[in-house]
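A.B. asks: my questions concern the predicted model and sequence given below.
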Amino acid sequence: MDFRRLAEPAGLLYGTAAEDAVKRGFALPLAGGPAAFSCVDLIEDRTHSGFMPVGNVPAGWQDVLSRLIAKPPAAGMPEGPQVMGILNITPDSFSDGGLHQEALRAVQAGQAQISAGASVLDIGGESTRPGAAAVTPEQEWARIGPVVQGLKQQVPEAVLSIDTRNSAVMAQALAAGADVINDVSALKHDPEALPLLADKTCGVVLMHMRGTPATMTQHAVYEDIACDVVRELGERLTAAIDGGIAPERLSVDPGLGFAKNTAQGVALLRRLP
């Protein structure tokens, strides 16, 4: 995949309007539907074509356009939109730090989240808030290991996603029954992570971040927030695929709040399609 060439959709349509426009050839399905897009901006390196109707896209761009049309793989997650419950087994996470440090309490919280409608539980033992200090893989697993094991027993129907950037934690979590590895470093932090995951069948989430949690705020400088994030995530996708992880196992996270200030996060959300 060549991520120097990108296509950004616009003219988004929903519901019956999207269905009708696709049938009449005025629009194309976005990520397999049900939404559709009627215009597209073709971007090569730093040059933009400007928005044009989808019917006017040159033949040489059809491979890029196909990325926008294709339905993304489930990548270890249930099909369709899902609610993910967050369990940070840490003393210092910005949202729930300190609330779930006791394994029994964390398992009970996970059960409550599943009962409330979550289908995926994301479990982390290392805070990645801005300026957070690193912990050792041994500390991280000591925090989350009993929680992963307890949740696997108590709510076996839940998809367990493990928020870690350390291969030792990944290996132990997968052996305990975890379904997805969610790496905020996009497999850059630990050189053993990619070869380990290449031999597994779990889903893998690659998140966009520059620097580390301790330094990322220094790197929040972009020429074009959406294009830069897509290009940099594209490099990590290519590295993962070249390293032996099948594309259908991979999903991506734009990393809101990671090396991005509030205005940049809003701009990225606005252009997320």
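C.D. replies: Cool, the structure landed. Numbering: from 1, shown residues only.

A.B. asks: so which residues of the stretch 51-200 of the chain form helices?
C.D. replies: 62-69, 103-115, 137-154, 167-175, 193-198 (DSSP state H, counting those that start in this stretch).

A.B. asks: so which elements touch the third one?
C.D. replies: Other elements packing on helix 137-154 under the criterion 3 or more CB pairs under 8 Å, 6 or more residues apart in numbering; DSSP states H and E are helix 103-115, strand 120-124, strand 159-163, helix 167-175. Backbone N, C-alpha and C define where each C-beta goes, glycine included.

A.B. asks: and that helix, C-alpha only, in CSV?
C.D. replies: Provided in CSV are the C-alpha atoms of helix 137-154 (Å, rounded to 0.1, in the frame of the first residue of the first chain):
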residue,chain,number,x,y,z
PRO,A,137,6.4,-5.4,32.1
GLU,A,138,6.5,-7.3,35.3
GLN,A,139,4.6,-4.6,37.2
GLU,A,140,2.2,-4.2,34.3
TRP,A,141,1.3,-8.0,34.2
ALA,A,142,1.1,-8.1,38.0
ARG,A,143,-1.6,-5.5,37.8
ILE,A,144,-3.7,-6.9,34.9
GLY,A,145,-3.0,-10.6,35.0
PRO,A,146,-5.5,-11.5,37.8
VAL,A,147,-8.1,-9.2,36.1
VAL,A,148,-7.7,-10.8,32.7
GLN,A,149,-8.0,-14.3,34.2
GLY,A,150,-11.0,-13.3,36.4
LEU,A,151,-12.9,-11.7,33.5
LYS,A,152,-12.3,-14.7,31.3
GLN,A,153,-13.9,-16.8,33.9
GLN,A,154,-16.8,-14.5,34.8
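
A.B. asks: and the angle for it with helix 167-175?
C.D. replies: For helix 137-154 against helix 167-175, the angle by axes from the mean of the first three to the mean of the last three CA atoms, to 10 degrees is 10 degrees.

A.B. asks: angle of helix 137-154 against helix 103-115?
C.D. replies: Going by the same axes, to 10 degrees, helix 137-154 makes 50 degrees with helix 103-115.

A.B. asks: buried ones in helix 137-154?
C.D. replies: By neighbour count on 16 or more other CB atoms under 10 Å, the buried set for helix 137-154 is 137, 140-141, 143-148, 150-152.

A.B. asks: do the second one as well
C.D. replies: Residues of helix 103-115 classed as buried by neighbour count (16+ other CB under 10 Å): 103, 106-107, 109-111, 113-114.

A.B. asks: for the fourth one, same thing?
C.D. replies: Of the residues in helix 167-175, those scored as buried under the neighbour-count criterion (16+ other CB under 10 Å) are 167-174.

A.B. asks: and which of those is nearest to P73?
C.D. replies: L174 (18.9 Å; CB to CB).

A.B. asks: who's in contact with that closest one?
C.D. replies: 162, 181, 200, 202 (CB atoms under 8 Å, 6 or more residues apart in numbering).

A.B. asks: can you count the residues close to the first one?
C.D. replies: Right, I162. For I162, the number of neighbouring residues by other CB atoms under 10 Å comes to 26.

A.B. asks: how near is it to Q111?
C.D. replies: Distance of I162 to Q111, computed by CB to CB, to the nearest Å: 18 Å.

A.B. asks: which of the buried residues of helix 137-154 sits closest to G11?
C.D. replies: L151 (43.0 Å).

A.B. asks: distance of that closest one relative to G145?
C.D. replies: L151 is 11 Å from G145, by CB to CB.
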